[in-house]
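*Asks:* sequence? don't have it. structure:
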């Protein structure tokens, strides 16, 4: 099941990166992307970065490394929580 979900996520991420203009037409400009990523191409860049993040997460899920990845990302935060 993880392989199928990973492949679907990779496909969706690739579609987002390749078809950024269609994403922009369908969902419009994002105020957050425009504010933090530039005024002219901010939304396009934001959609591409979001697509790359989805591709990366799809690879992590497909390889079954979610617990290792979450431990790596959240490990420094969880170390400082008192028991």
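*Replies:* The structure has been received and is ready for your questions. Values in this document were obtained by computation on a predicted structure and should not be read as measured data.

*Asks:* what residue ranges in the protein score low on pLDDT?
*Replies:* Screening the chain residue by residue with the criterion pLDDT under 70, one finds the ranges 39, 83.

*Asks:* what's the following helix or strand after the longest helix seen in it?
*Replies:* If each helix of the chain is counted by residues according to DSSP state H, the longest one is helix 42-62. Sequence-wise, the next helix or strand beyond helix 42-62 is helix 66-79, with elements assigned using DSSP states H and E.

*Asks:* what's the spacing between that next one and its chain's center?
*Replies:* When C-alpha coordinates are averaged (C-alpha atoms, centre = their mean, to the nearest Å), helix 66-79 and its chain have centres 17 Å apart.

*Asks:* got the angle between that helix and helix 42-62?
*Replies:* Here helix 66-79 points in a direction 110 degrees away from that of helix 42-62 (axes from the mean of the first three to the mean of the last three C-alpha atoms, to 10 degrees).

*Asks:* what comes into contact with helix 66-79?
*Replies:* Around helix 66-79, the neighbours that count as contacts under C-beta atoms under 8 Å, 6 or more residues apart in numbering are residue 60. All C-beta spots, glycine's among them, are computed from the backbone N, C-alpha and C.

*Asks:* What about residue 69, how many residues nearby?
*Replies:* 15 (other C-beta atoms under 10 Å).

*Asks:* That one and residue 5, how far apart?
*Replies:* Using C-beta to C-beta, to the nearest Å, one gets 15 Å for the distance from residue 69 to residue 5.

*Asks:* And residue 53, by the same measure?
*Replies:* 15 Å.

*Asks:* If anything else comes up later, I'll come back, but that's it for now.
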